[in-house]
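Trainee: Need coordinates for the below:
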Amino acid sequence: MLKSMGAAKQAIHAAVADEADVSVAEGVPAERPTARKVLPIVEGVVLVAALLAPLVLQDYLTVFATRVIILALFALSFDLVWGYAGIMSFGQALFFGSAGYGVALLARDLNVTNILLVLPAGTLIGLTFALLLGGFLLLGRHPSSVIFVSLGTLTGSYAADRLARGWYYLGGQNGIPSIAPMSLGSYDFTEGPAFYYLVLGILVVVYLLCRFLVRSQFGLALAGLRENEQRIAFFGYKAQHLKAIIFTIGGAVAGLAGSLYAFHEGFVWPNMVGVVVSTQVVLYVLFGGSGTLIGAVIGAIIVEGVSFWLSDNYRDIWPIILGLLLLLVILFRPLGLISFVLGERERVGSFGAKPKEKRNAAP
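Mentor: Next up is the predicted model:
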């Protein structure tokens with residue numbers, strides 16, 4: 001038993017290493033064995049910048065930055081699904097928006113706004129929807145193709161959008177406005193630095209949990225699954241089950257982000273569950289870099305920041321300019337902006353104990 005587990009683990013390492021070598025051969029920068037780890041430095045710089053942002057930004061920019069941090073959390077959920085399991089989900093907004101609608105209904109109909117209740121409820125809603133959709137798309141008798149899952153999630157998002165627009169109880173086209181502020185005891189979380197640091201703290205905690213997950217034995221299996229699914233299945237791993245698990249976890253993270261977004265914006269509307277938002281999160285991860293976690297965060301920050309600046313200075317043509325920028329990045333840096341500083345081997349990660357260096361001692 002132990003020998004078979006060891007063989008499977010070596011197979012996963014081999015699958016990951018083979019793909020990394022191919023990327024190096026194709027011209028993608030790789031990490032040198034003796035190079036300093038760049039990923040912790042990038043993560044530290046982003047964290048410090050986020051902590052200092054409200055101290056230098058004006059009030060309206062702090063509100064905008066809070067929205068961006070929530071969208072970065074949403075992007076993190078998609079990076080888990082696509083960047084680590086290779087599932088192209090065009091329905092990630094389904095979990096994001098359904099959680100937003102769920103907590104909005106709790107606030108409107110039951111007057112429940114306590115943060116200790118609404119955030120777990122939103123997370124559970126996202127998890128449940130992802131479990132149901134993932135079970136249908138991924139756990140069939142035969143392995144699901146990438147196209148089948150992509151179209152299935154796209155259809156789910158589109159159907160949810162049409163349902164929200166036509167259901168009077170959900171407000172129809174107008175959505176649910178005037179959501180009461182999220183609270184903790186007698187304190188209400190309104191727009192400003194307090195809400196910003198709350199969202200940032202949640203993002204940091206979720207990021208660390210995701211980092212632990214993808215660097216665990218389960219994450220090693222996911223890395224091998226992403227690089228060579230057939231080889232992983234050959235050694236006894238149930239690839240579809242692994243995909244369903246990470247798909248469900250991604251839905252839970254998206255649900256948490258949707259809950260925060262609903263209370264921050266003060267209303268929810270059908271676009272939150274639609275195809276447009278689902279495509280938007282794909283662009284975040286493409287721009288920043290998939291399979292790195294921090295790339296999704298950076299992508300959300302840059303895309304939203306550039307969109308805000310362009311829309312303020314080039315109101316008529318800013319979508320065209322943004323589209324061209326995204327196209328250039330995708331064409332010339334397929335692994336995203338993070339690939340400028342992060343090698344392929346460090347993106348995949350290191351697992352297990354480091355091998356001891358052999359010393360050529362003189363006899």
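
Trainee: Alpha carbons only: can I get stretch 255-262 in CSV?
Mentor: Output in CSV follows, covering the C-alpha atoms of stretch 255-262 (Å, rounded to 0.1, in the frame of the first residue of the first chain):
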residue,chain,number,x,y,z
GLY,A,255,-20.3,33.0,-2.1
LEU,A,256,-18.4,34.8,0.7
ALA,A,257,-17.3,37.4,-1.8
GLY,A,258,-20.9,37.9,-3.0
SER,A,259,-22.2,38.4,0.5
LEU,A,260,-19.6,41.1,1.2
TYR,A,261,-20.3,42.7,-2.2
ALA,A,262,-24.1,42.9,-1.5
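
Trainee: following the least confident helix or strand in the chain by mean pLDDT, which helix or strand shows up next?
Mentor: The helix or strand with the lowest mean pLDDT-type score in the chain, counting by mean pLDDT, DSSP states H and E, is helix 2-25 (a mean of 48). Moving toward the C-terminus from helix 2-25, the next helix or strand (DSSP states H and E) is helix 39-56.

Trainee: in that following helix, what's buried?
Mentor: Of the residues in helix 39-56, 39, 42, 43, 46, 47, 50, 53, 54 count as buried by neighbour count, 16 or more other CB atoms under 10 Å. Just so you know, the C-beta spots here come from the backbone N, C-alpha and C atoms, and that holds for glycine as well.

Trainee: Closest one of the residues you listed to residue 123?
Mentor: Nearest to residue 123 among the buried residues of helix 39-56, counting by CB to CB, is residue 50 at 21.9 Å.

Trainee: give the contact list for that closest one.
Mentor: 69, 200 (CB atoms under 8 Å, 6 or more residues apart in numbering).

Trainee: Then residue 172?
Mentor: Counted by CB under 8 Å, 6+ apart, residue 172 has contacts 164, 165, 166.

Trainee: Which one of those residues sits in the busiest neighbourhood?
Mentor: The most crowded member of the contacts of residue 172, judged by other CB atoms under 10 Å, is residue 164 (25 neighbours).

Trainee: Quick check: it touching residue 273?
Mentor: Yes - the criterion here is CB atoms under 8 Å, and residue 164 meets it with residue 273 at 5.8 Å.

Trainee: Mind listing the shared neighbours of those two?
Mentor: 97, 101.

Trainee: buried ones in the longest helix seen in the chain?
Mentor: Longest helix in the chain by number of residues, with DSSP state H as the criterion: helix 239-265. Burial within helix 239-265, assessed by neighbour count using 16+ other CB under 10 Å, is assigned to 239-240, 242-265.

Trainee: for stretch 327-345, same thing?
Mentor: Buried residues in stretch 327-345, defined by neighbour count with 16+ other CB under 10 Å: 329, 333, 335, 336, 337, 338, 339, 342, 343, 344, 345.

Trainee: what does stretch 99-115 give?
Mentor: Buried positions in stretch 99-115, judged by neighbour count with 16+ other CB under 10 Å: 99, 100, 101, 102, 103, 104, 105, 106, 107, 108, 113, 115.
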